[in-house]
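> Got a sequence here, can you build the structure:
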Amino acid sequence: MQKNNLFIALIFIVIGFSSCNNEEYTPKPRAYFRIDLPQKSYQSFDTVFPYSFEYPTYALIRRDNKSNAEKYWINIHFPEYKATIHLTYKPIKNNLDSLIESSRKFVDKHINKASSIKEKAYDNPENQIYSIVYNIKGNEVASPYQFFVTDKNKHFLRGALYFNMQPKNDSLAPVVEFIEKDIDHLISTLKWK
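Numbers count the residues shown, from 1 in each chain. Below is the predicted model:
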């Protein structure tokens, strides 16, 4: 019986030593969860507000409830992605230049974290839509997409996309790109009242 136990122990020792190799262990890089993106579909936001537009069916609109929020400020929430587009509306009263400059200052706050800032203009004179969109690239940028839209006479709408998490834009890139298309759709369907 002792010889059998010794023989079995010897087999396990041989198997143990033969299964070891000299390769060093290298941990796998941290993986990110797979992000399922829904089909694009839109619904109308048409209320007593001085503007209307189409927004995604997978998003929720809520009034901005911060203490400094003004009457026509809203937030478009994407609960599944912990993302929000903050929309702030201002009537133009001989202050268009200062509103545009204020929007640029919000973008400039990201310069120290940004690897690039691309500016793109959208103009639709037929609907009195004049817009500039800022695509802000960088791994720790707090707001990767900002924009403003105006008719140059009465209306000014500013928007900024934020995520309710520590920015790691490499992992958020598919969601940012997905929501960018929703923002572009919002701008293209925007109408003033």
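
> On the pLDDT front, check the nearest residue to residue 63 once chain neighbours are set aside for me.
Residue nearest to residue 63 in three dimensions, not counting chain neighbours: residue 74, with 5.8 Å by Cβ to Cβ, 6 or more residues apart in numbering. Where you see a C-beta, it was placed from the backbone N, CA and C, and this is true even at glycine. If you check residue 74, the pLDDT there is 98.

> With residue 78 instead?
97.

> Surely it touches residue 62?
No: using Cβ atoms under 8 Å, residue 78 is not in contact with residue 62, being 12.0 Å away.

> Neighbour count for these two, which is higher?
residue 78 (20 against 10; other Cβ atoms under 10 Å).

> Next up, the contacts around the residue nearest to that one when sequence neighbours are not counted.
In this structure, residue 78 finds its nearest non-sequential neighbour in residue 59, 5.2 Å apart by Cβ to Cβ, 6+ apart. Neighbouring residues of residue 59 by Cβ atoms under 8 Å, 6 or more residues apart in numbering: 76-78, 182.

> Same question for residue 188.
Counting by Cβ under 8 Å, 6+ apart, residue 188 makes contact with 122, 124, 129.

> what mean pLDDT would you report for the longest helix that the chain contains?
When the chain is scanned for its longest helix (criterion: DSSP state H), the result is helix 169-189. Averaged across helix 169-189, pLDDT comes to 90.
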